[in-house]
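>>> quick one, structure for this:
(one chain, ligands or ions: 1)
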Amino acid sequence: MIIYGSRVVHIKSVNPKSIVCPSCGSVGATLLGTYRSHIHIFWIPLLPLNRIGVAHCANCKTEIRKRNMTDEMKKEYQYLKSESRGPIWQFSGVFLILLIALFVNINAYLTKQKEAEYINNPSVGDIYELNMGYKRYSTAKVIEVKKDSLCIVYNIYETNMSSGISDINTEENYSNDIYVISLNDLQYLYSEETIYRIIR
Ligand SMILES: [Zn+2]
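This is a model prediction of the structure:
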């Protein structure tokens, strides 16, 4: 269950001495406040929404929303709004998402770097995850590395989802037939993503 909602946060209030309450006529008894709401998911502020302006008369307790403010109030409110930004933490979710995206990107980049190294210097025991066509995934294992080539054995099973690879990657599933491929071919298979992941 995703718990979400919105919350209003008080930003700033002022008490301009010149404002006349349209309801009771009191001068300088009106408090002008600016607020900003934000959406939260699991109480993490995700993104700020609109700014809200409210005038409140301390004398007659009348509350006036922005659209009903007198011109004088609107002017004071515009000034208040321009000089008071909302708290930056209301953007927490946005920062969090950017941070996660950055982490995922860096992680993907480092994995690619590591895999490029594995392809250039294969090692006995490396497992290649293979994309063999539409919904056909399997694995191959390196059993010997020579100067310009390597010996691999293929998995006798396939899965229709890449997530099922770990289920078939067991010792007894590898065929006894040994194939020799050149390092150039290996690099080609990796570059065209037939080998799409390497486990070492
Ligand atoms: Zn009043």
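>>> drop to CA atoms for contacts and neighbour counts, all remaining ones
OK.
>>> where do the strands of this protein begin and end?
Along the chain, the stretches classed as strands by DSSP state E are 4-14, 30-41, 44-57, 63-65, 127-131, 137-145, 149-155, 174-182, 195-199.
>>> from the contact counts, what lies against the top helix by length along the chain?
Criterion DSSP state H: the longest helix present in the chain is helix 92-120. Contacts defined by 3 or more CA pairs under 8 Å, 6 or more residues apart in numbering; DSSP states H and E place helix 92-120 against strand 44-57, helix 183-191, strand 195-199.
>>> so which of those is nearest K81?
The minimum distance between K81 and the helices and strands packed on helix 92-120 falls on strand 44-57, with 8.5 Å, by CA to CA.
>>> angle of that closest one against strand 4-14?
40 degrees (axes from the mean of the first three to the mean of the last three CA atoms, to 10 degrees).
>>> pLDDT on strand 44-57, on average?
Averaged over strand 44-57, pLDDT sits at 93.
>>> tell me how far it lies from the chain's centre.
In terms of CA atoms, centre = their mean, to the nearest Å, the centre of strand 44-57 is found 25 Å from the chain centre.
>>> who touches that strand?
Identification of contacts with strand 44-57 by CA atoms under 8 Å, 6 or more residues apart in numbering yields 21, 29-40, 62-66, 69, 73, 77, 89-94.
>>> what subset of the residues you listed is buried?
21, 29-40, 63-64, 66, 69, 73, 77, 90-93 (16 or more other CA atoms under 10 Å).
>>> distance check, the nearest residue to I19 once chain neighbours are set aside against V14.
Once flanking residues are discounted, I19 sits nearest to G28: 5.3 Å by CA to CA, 6 or more residues apart in numbering. Taking CA to CA, to the nearest Å as the measure, G28 falls 11 Å from V14.
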